[in-house]
Each structure stands twice: as C-alpha cells, then as structure tokens.
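>>> Below is the sequence, then the predicted model.
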Amino acid sequence: MKEHIVSYTMDFVVIGGGLTGICAALAAARKGLRVALCHDRSVLGGNSSSECRVWICGATGMGFNRYADETGIVSELTQENLYRNPEGNPHLWDALLLDKMWAEKNITLLLECRMTRAYAENGRIYRVECEQFCSETRYILSASLFADCTGDAVLTRIAGGETVCGNLDVSPAARARYNLSEEYASLGSTMLFYTKKCDHPVRYVAPDFAYSVEEIECILQNTGKSLHAADNGCDYWWLEYGGDRHIIQENESIRSTLTRLVYGVWNYIKNSGKFDAQYLTLEWVGSIPARRECRRALALRTFTEEDILCQPHPMDAVCHGGWPIDTHPSSGFFDKNESCQQLPIDPYGIPLSCLISKNFENLFLAGRNAGMNHLAMASARVMKTCAVEGEAIGTTAAFARRQKTLPGALRPEQIKAIQARLTADDVWIPGCSLDGDLDAAQRMRVSASPSLAPDTGAPARYLPLAQTAFLLFPPLRQGEQITLFLRSERARALPYSIALYESGDAGVYKPNRLLEVCAISLAPGEQSIALRCPANTKGNFCLRLGADEGLSIGIAREPLPGVLGVFAENALGLNLFAPAFRLHSQAEWYPCQALTDGFTRPYGGMHLWASPLQGAWIALETDAPVRVQTLSLYLDNALYRPYNNLRPQKDPLWNQYLHPALLRDFTVRLEGPEGERVYAIQENVQRRVSLALRGMPVSRIRILPQKNWGASYIAIHEVALFIDGESKA
C-alpha cells in the first residue's frame, strides 16, 4: 500500500504542545504567521494536561513574590479557566487549550504526531518529518523558522545540535553552595494519583507489582518522610524518582518504578492500618512520568543562576521568572535528604539570547530545554514561566519574519522593538513599560470619576497576631502616615514595637532594609495606631508586627488595591489577609493619571486607578485626532495570588474565584472626524481587553464601566491606544 504523505509549507513550525508550544504557536499565529504545531500526545498541555495533572506554577511561587504573576497568553488561559472551570476539572482544562488552538485559523494542529527526522543545511533547519501513527500518515513540514518546545531538546538532537543533561554544567562553587553531587544528576520525574471518598467502605487489593506495605514502611523509616490519607494529586509532588538515571534512555525503568511506588503508597495508606482510609478509593493514576528536567539545547548564551542573582535585568530580556531555585535530591522518594531545597529569588528577566539555538540560526528554544544551566533551569522550568518564554519566541518569530531576518541576527534596536510588542501584549519584562512612541494615550489628556480614598474604614473583625504579620504597601513618601487598628486583650497597657522597612527594589515586596522601629504603648481594647513614614522609600514599604497572642489586627470590610497582609516569619507564604488601614497623604493614591503612565502592573508603585463603581467613567482627549489601530485596557486581576489550574482556590482576600474588582460589563465610546463608534463589552473575564480599531482617527474616548465581579469599586492599570498595527491582540 502506498504511504500516505501530507506536505505543508509554513512560516513557523513548533514541535511540542505543552504550554510553551501552545503560547509560541498562538503568539505567532495571531501576528499573521502560518504555524504548524506538532505534538506527540492526544491532548495538549504537556505536564499540565489530564495525562499528567501537574499544576501550573510561576513567578509568584508559593507566595515568594507579590504582583509577579505571568501575564499575556498564559493569563488569558488561566482567567478563562477560572471562569469556565473553577473546580479544576483536568479534562475541561484540556478542552480549553484545544478550544484556543482550534480557534486560530493560522494554526495547523497535528496531535499524536511524533517528529522523527529533521533536515538542516548551512546552519539552518529547513524541514522536519513527523509520523502520525494512528492515521498512518507522514507529515513533511517545511518552514523558515522552527521552535524546539519539546522539553527534551528533541528537535535540536535530531537535527544534530549540541545538548547537555544534568548538573554537570554547574560551576564547582555553585555545586558546593547548592549541595549538588559530583556525579551526573538531574531533577527526577513524578507520577501522581487522585483519590475520592465514597459513601461505602472500599477494599483495595494491591497488584503484585506494587511495593509491599513492609517495603514502603522501610522507605519511610529510612528517609523520614510521611504520608497522609487526605493528600491528593500534586500534594504528592515528592513521589519522585529518576534523577540519578538517564531520564530518556531509562524512561521505561523510571515509569515502572514510579508505577510500583504509586500503587505501593496507596497500598500502605489503605492496608497498613495507620490511616482512616476505608471510604477512600483510587480515582486516577498517571501513566506518564512528568519530567522536571531532561536535555537542554545549547543557545547563543547559557543563562545561569548567577545571572538570576546578580544580573536580573538583562538588556535583551523578553519575559520573566521568579520561582525559587528549586533543586531536588536525585534519588527522590528514596533519598534521605529533604525533598527539595528552595532558594527564594526576586523576579528576573529571561534573555532572548538563551532562547535562540547556538547551532541553528533559525531555531528557537523555550521551556525546559532552553539554553540554561541546571540551576537556572531549576527556577525557570515551571510551566507559567515556560509559557511566557513560548509567547516571547512566537512574537519574535513574527517580528523576524516580517523584518526578513533571522533570530540570531537581531540587532539591539530590533530587540527593543520586540520588547515593546511583548509589553503591549501584556508579557511582563521587569523594568519595561509601554513604548510611548507606540501608545498615543500617554500623550492625551485624561480625566475620570473621583478616585477611591485609601481608607478601608473601621475593621469588620480582628484576627489574632498568633504569628508575625507583615503589611505590604507601595512606596511611601516621607511624612505620609498610616493608621492601623489593633485590639489588646491585656488587662493593662503594655509596650509593643512595629518595625518599618523598605524593599529596596521596585519589583520586590519583602523587608530588605530597616528604616525605623516604632515603640508604642497599647491600652486594653480596640485602638488605632498612627505610623509616619520616616523617609521616601526605595522600593516598597513594609511593616512588621511581631507575634503576640494578646493582640489582634483589624481586617478590612473590603480589601483595597495595593495593600496586602501576610502571616509569616519572613513575609513569604500564602497566608494572606486584608488589613484595615487609613493613609494620610497629600497625593491621590489611585489617580487617573496612572491610566496613561505606561505601566500595566504594580512596579515601584501601584500604577492603578480605582474608583467607586457607581457612576464611574474615564475620558481621554486630544486636540489633533490620532489614528488608532488597537485600544487595550489592562485591568486589575489580583496579580498577587498564585494560581493552580487543577485546584483553583478562591482569592484569600475575597473568598471568590474571579477578582471582584475586575471589569465585567462596560461601554467604550470613540469620537473622531469620521464619526462615533460604540463598543459594548459584556461578561469579560480577562485582564487585557483589546479592541481592533483599524486606523480609526480618534480625538475623544469615553469608557463607562457598568459592572464588575462583586466589588464596590473598579480598578484599572492602564488604557493604551496603539498606533502601530503590530501591537494588536
């Protein structure tokens, strides 16, 4: 029988359909490129899919950074998931990803399609071949640009490029600092399982291949680890193995061991007699090892942990990371060491030069196989960070194609133009703001309804200061005064002290430098405490309230933007609350001028306008009409909260999934010499809302909010009017 062959000539071919490849393909296709995405599984999403069910993490970490959440396309996906799938059904997550891909007419999606050959000449890949075994079809994909988003540098290897594995690329000093072995080792793989509670007792007979109760007991005793019947899914991220094996060549051995381990752990929970688990049953078990690390491709530049720690703002940054440098013992579950060693880090920029192949001038790299050493990858490997890398290379591919150049030949001024387009598309590059040459709104007069006062009013309730609390504020000016509300259960007045700190950096919300310690006397009962900022703060402002079981702190009736409380010894973590406070300042805290200052998120300030919802309006005007291609709104969607797509949690400040201050229904009226246009937007769930105006001359814009998702006010970071058509959604 004649072989079935299908050939495509594309602009951009992406190999790998995890979040990295998805975002790369979407970014390029939305900018006009004809894209083929080839993925070797039947569902999209990689580790986040229903096949592996690893939750997606990013730069916010587990409360390590504030206002650092990845935005752009990955935010579009997660916001939609919050709306469609608040329970975190993994199959609905699969469906959402497929929905987005099928909606793009410029994308040819090839599922269950494994790349088997790659052809290169004179330092350029020009064709790949992929086999779709279910349809017995061979696809021949030709293009001028390619992306290796496989996670394992498969395209790079097959094309003959250089790769590296494990931790052998780490310097001796760093190896000692991070307690890395002298031998080859990498981060291991994990297979997860889900359980559910039934209304009747459920018996479990373990398969013969499972580790026995006695074997699991021995492992637990040797390693000091413990199991809990209530844990589920990614709670068992530490059921890990294979870091001391060849992740690819020994994949089946790793899979076998993890399978034995999962069924053995469940056998121990069900049949050891140590757990109340008689009503629990296995609902799902993974069958594919979810890899943390594998092969990495060599890039124009190798990004290292020293770059993250010492040079966090590279000139060619195109996205950001912020997850800790997170190393795991190579033996995983069987290792006596802690299951992970995490070094918290501040948000950092990821350079384009580590996302371009050293060997092939038309090949992009993104995700786990980007050009990073073992320790940098230990931070940048998490899926939301990989996703923004994907969007960055997709946008760069579209730019390079339009400019008729190659990724490795991009000049500094061209990279700056790419950064401007990424920022317009809501990809955060620390320190970058919207380009004023592209954004006409920054040159227009802005007015709005009265802004919100920085005053939560009297507390709705009090929470005990059973542990240290930090209150995180934007930068303050010398002399500005904050009033807090405390309640003392003591029978008499007692001394207490509150420490005042600054963070030292615009993107950091941690107490890095002590400014002053304020000694106060707290009388019995409820009282307000006024604290004056002693100097203009460098970076953000923090207050530390030490633990005292006799004290409680006032909690706001409704949280206000830009102010967070966290119960933690070091200002890190997820135990957030909304403090009641009052700020005395000569300046507006949420001024309408923030709408056109070029910043789309908090960074050295809130850069946000907030106003009571009732009667809210925004107006932008100019004397000379401006031809606008795209109008974009950048809304407040609670960038301080980590997001878990498979176990979405309500915002701890609001007890709600979607951010209540997010604009839901609104009208945009545009006036110009060619007349008026009116756009009515309803049921919005996205942080960025863009309207294609296609060169309409505009002299006046009026935005009329009507509804949000539950707050008494609305909050908007930025209104942008792009005159460059390449900044479209």
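In hand now; what should we look at?
>>> could you point out the longest strand in this structure?
Ranked by residue count, the top strand of the chain under DSSP state E comes out as strand 688-708.
>>> Ranking helices and strands of the protein by mean pLDDT, which lands last?
The helix or strand of the chain with the lowest confidence, counting by mean pLDDT, DSSP states H and E, is helix 172-177 at a mean of 83.
>>> Report all helices and strands that the helix or strand that that one is followed by contacts.
The helix or strand immediately downstream of helix 172-177 is strand 189-190, counting by DSSP states H and E. For strand 189-190, the packing partners by 3 or more CB pairs under 8 Å, 6 or more residues apart in numbering; DSSP states H and E come out as strand 240-241, helix 251-271, strand 290-291. Quick note: C-beta positions are derived from backbone N, CA and C, even for glycine.
>>> which outside residues touch the first one?
The list of residues contacting strand 240-241 from outside it, by CB atoms under 8 Å, 6 or more residues apart in numbering, reads 187-190, 254, 257-258, 261, 292, 328, 331-334, 339.
>>> that older thread, show me which residues of the least confident helix or strand of the chain are buried.
Ala174, Arg175 (16 or more other CB atoms under 10 Å).
>>> where does that helix sit relative to the chain's centre, distance-wise?
In terms of CA atoms, centre = their mean, to the nearest Å, the centre of helix 172-177 is found 29 Å from the chain centre.
>>> again, but for stretch 283-301
Taking CA atoms, centre = their mean, the mean C-alpha location of stretch 283-301 is offset from the chain mean by 18 Å.
>>> Using PDB, write out the CA atom coordinates for it.
C-alpha atoms of stretch 283-301 as PDB (Å, rounded to 0.1, in the frame of the first residue of the first chain):
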ATOM      1  CA  GLU A 283      -9.900   7.600  41.100                       C
ATOM      2  CA  TRP A 284      -7.000   8.200  38.700                       C
ATOM      3  CA  VAL A 285      -3.300   7.200  38.400                       C
ATOM      4  CA  GLY A 286      -0.800   8.800  36.000                       C
ATOM      5  CA  SER A 287       0.800   6.600  33.400                       C
ATOM      6  CA  ILE A 288       3.400   9.000  32.100                       C
ATOM      7  CA  PRO A 289       6.300  10.300  34.200                       C
ATOM      8  CA  ALA A 290       6.000  14.000  34.400                       C
ATOM      9  CA  ARG A 291       9.600  15.300  33.800                       C
ATOM     10  CA  ARG A 292      11.100  18.200  35.600                       C
ATOM     11  CA  GLU A 293      14.400  18.200  33.700                       C
ATOM     12  CA  CYS A 294      15.900  16.500  30.700                       C
ATOM     13  CA  ARG A 295      18.100  17.500  27.800                       C
ATOM     14  CA  ARG A 296      18.800  21.200  27.300                       C
ATOM     15  CA  ALA A 297      19.900  22.700  24.000                       C
ATOM     16  CA  LEU A 298      22.900  25.000  23.700                       C
ATOM     17  CA  ALA A 299      21.900  28.600  23.000                       C
ATOM     18  CA  LEU A 300      23.700  31.800  21.900                       C
ATOM     19  CA  ARG A 301      24.000  32.400  25.700                       C
END
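>>> what mean pLDDT does stretch 81-91 have?
For stretch 81-91, mean pLDDT rounds to 96.
>>> Quick one: end-to-end length of that stretch, please.
One end of stretch 81-91 sits 11 Å from the other (CA to CA, to the nearest Å).
>>> how about the strands of the stretch 351-500 of the chain, start to end?
Applying DSSP state E, counting those that start in this stretch to the stretch 351-500 of the chain gives strands spanning 363-365, 445-448, 461-465, 469-473, 481-488, 494-502.
>>> Which secondary structure elements does the following helix or strand past the longest strand of the chain sit against?
Counting by DSSP H and E, the next helix or strand C-terminal to strand 688-708 is strand 713-722. Here strand 713-722 touches strand 609-612, strand 618-635, strand 688-708, going by 3+ CB pairs under 8 Å, 6+ apart.
>>> The second one packs against which elements?
Which is strand 618-635. For strand 618-635, the elements it packs on are strand 445-448, strand 663-672, strand 688-708, strand 713-722, judged by 3+ CB pairs under 8 Å, 6+ apart.
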